[in-house]
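>>> Give me a 3D structure for the following:
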Amino acid sequence: MNGIQNFASNRIVAIVGRPNVGKSALFNRIVGRRIAIVHEERGVTRDRLMSQASWGGERFVLVDTGGIGSMDGAAPADEIEAGVERQVEAAIQEAAAVILVVDGAAGLVPLDEEAAGRLRLAGRRVVVAVNKCDAPAQDERSDEFRKFGFPVFPVSALHNRGIETLMKEILRNLPPWTGGESERPLTVAVVGRPNVGKSSFINRLLGSERVIVSPVPGTTRDSIETLLVLGEGSGARRYALIDTAGARSHVRNASAVEMFGRMRMEASVRRSNVAVLMLDAVQGPGEADKKLGSFIMEHDKGCVVAVNKWDLAAGTDEEEYREAVFRTMPFLSFCPVVFLSALTGLNMDGVIDAIDHTAMQTRASLPTGLLNRVLSDAQESVHPPSEGGRRLKIYYAVQTGVEPVRVRLYVNDPSLLTANYRSYLVRKIRDRFELMGAPVVLDVKPRTRGMAGNPGMPQGTKRAVRTGSRKKNT
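As a prediction, this is how the structure comes out:
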């Protein structure tokens, strides 16, 4: 893979500071929606959260980070803490400007001085946001931070106080935007159980450590969005990759942070164009994977099944593994299954190709004439169901939407359409139009008097599609 770059890397604004001073709250306030988890637990943010933002017509990329000095000046206690420190340092180096957030209520502490010293050595343009100055009477809390030598602004992320003045200063000398006027990126949510390799997959695509990778399950605690471009110029492919917190099958004893992370994961799937369900090749598909796959299908999202750690599954047959996946999750039997290794880079191109193809299929256009012929053939092969002497009659079908592909059926009585026959019709549509990875949603409406004048219903459409007698009813 080559040509990987972040959007508008010349206009990155990083938010840094010691733990629990309100960095994520300020991030959410500036972006205008709740992206980062805000919680009183220390060290909730570990990875860099990145989001495109706009303030007063000025576009930029905003980055939230874990706590500077989260080890209180000591050497990193473990691999995760070391990863947090690397993420903070990378954010500082990439940024054109930095917002140093401090806690006005707590006052100046040694860790604030440590953070200011690191920023001074980095040579970045810095402004200090003295958070928790909720009223004008508390603005004097900011005075002691002026010793840092940076512009100081009293703010309240909670009450949206002082943010406008802060942002005018931070944006005043940013370089011009070079991100272009490109179309919205394809949003891809990467979901899976803890420690299946979601973060390693994202980092392999990016060619750098954007997300902390550790053998400790649950390293990623929030949904981390990364902006990515593959290729250059008019042929560039743009993605918003979302690395989500690992989802366990049993969350009865989950902490508040874990529950927030799961809620954020679910929200990421809902707003995605395509979901990548990542499995562990060594462990095989399990109950947690089944629940995640079911959630993806409940929200009618295009889906790619990515089997990671294939380099560790020596002697395993791809077709046998694929069959095991579909036995566990038969509702995903129309989805592509890609075998890869984020560690070695095996078949990463194949995953991207599957994502692109699936996204294209979710936007497919189904010609009305061909769609109705497919349904006619389906009914000749298997008669529509009947009840109480009344048989389902399908008069006409028309596509009404994409993402997901949505088809409206005009029938005599919607209550006669059984779940089995609905699934059968969806399968026939998907097979004929080769909608790999793309859900198909059927909306069923009764044909009413005067339907011939309804948009999408051709004039004179009165008779049901003819059915033959070659197969039995379903």
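>>> which stretches of the protein form helices?
Counting by DSSP state H, the chain has helices at residues 23-31, 79-94, 110-122, 163-171, 198-206, 256-270, 287-298, 318-328, 348-362, 368-381, 419-433.
>>> check contacts around S341.
Contact analysis of S341 by Cβ atoms under 8 Å, 6 or more residues apart in numbering lists N308, K309, W310, D311, L312, N347. From N, CA and C alone the C-beta is placed, and that goes for glycine too.
>>> Check D103 too.
N20, V21, G22, N131, K132.
>>> Now do the nearest residue in space to the second one that is not next to it in sequence, the pLDDT please.
In space, V21 comes closest to D103 once its chain neighbours are excluded; the distance is 4.3 Å by Cβ to Cβ, 6 or more residues apart in numbering. Here the pLDDT value assigned to D103 is 96.
>>> Please renumber the chain so that the first residue is 244 from this point on.
From this message on, residue numbering opens at 244, which makes the last subject D346.
>>> What residues are bridge-paired with D346?
N374 (DSSP bridges).
>>> List the contacts of L535.
Residues near L535 by Cβ under 8 Å, 6+ apart: V434, G435, R436, A490, L520.
>>> oh, I was asking about L652
By Cβ under 8 Å, 6+ apart, the contact set of L652 is L618, I637, Y639, A640, L660, L668, L685, D686, V687, K688.
>>> need the contact list for the fifth one.
For L660, the contact set (Cβ under 8 Å, 6+ apart) comprises P627, P628, L635, L652, V654, V687.
>>> Against R616, how distant is it?
Distance of L660 to R616, given as Cβ to Cβ, to the nearest Å: 20 Å.
>>> hang on, the earlier thing: okay if I get the contacts of L660 as a markdown table plus distance to N271?
Shown next, in a markdown table, are those (distance: Cβ to Cβ, whole Å):
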| residue | distance to N271 |
| --- | --- |
| P627 | 51 |
| P628 | 51 |
| L635 | 50 |
| L652 | 43 |
| V654 | 47 |
| V687 | 41 |
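>>> which one among those gets closest to Q330?
V687 (49.9 Å; Cβ to Cβ).
>>> Can you report how many residues lie near the closest residue in space to that closest one that isn't next to it in sequence?
Excluding its sequence neighbours, the residue lying closest to V687 (Cβ to Cβ, 6+ apart) is P657, at 4.2 Å. If you count neighbours by other Cβ atoms under 10 Å, P657 ends up with 13.
>>> now swap in R675 and tell me
R675: 16 surrounding residues under other Cβ under 10 Å.
>>> next one: F388
Counted with other Cβ under 10 Å, F388 comes out at 22.
>>> Would you mind stating the distance between it and A372?
10 Å.
>>> joint contacts of the two?
V345.
>>> what's around A488, how many residues?
26.
>>> hang on, it packs against E509?
No: using Cβ atoms under 8 Å, A488 is not in contact with E509, being 10.3 Å away.
>>> Look up how far L269 lies from the residue nearest to A334 when sequence neighbours are not counted.
Of all residues not flanking A334 in the chain, A257 sits nearest, at 4.3 Å (Cβ to Cβ, 6+ apart). Using Cβ to Cβ, A257 is found at 12 Å from L269.
>>> next one: R302
The value you get for R302 to L269, if Cβ to Cβ is used, is 18 Å.
>>> re earlier: please enumerate the shared neighbours of A257 and L269.
Residues touching both A257 and L269 (Cβ under 8 Å, 6+ apart) are I342.
>>> Show the contacting residues for the residue nearest to the spatial centre of the chain.
In the chain, the residue lying closest to the centroid (Cα atoms, centre = their mean) is A432, at 3.1 Å. By Cβ under 8 Å, 6+ apart, A432 lies in contact with S466, I485, T487, M508, S511, V512, R514, S515, V517, A518, V519, K544.
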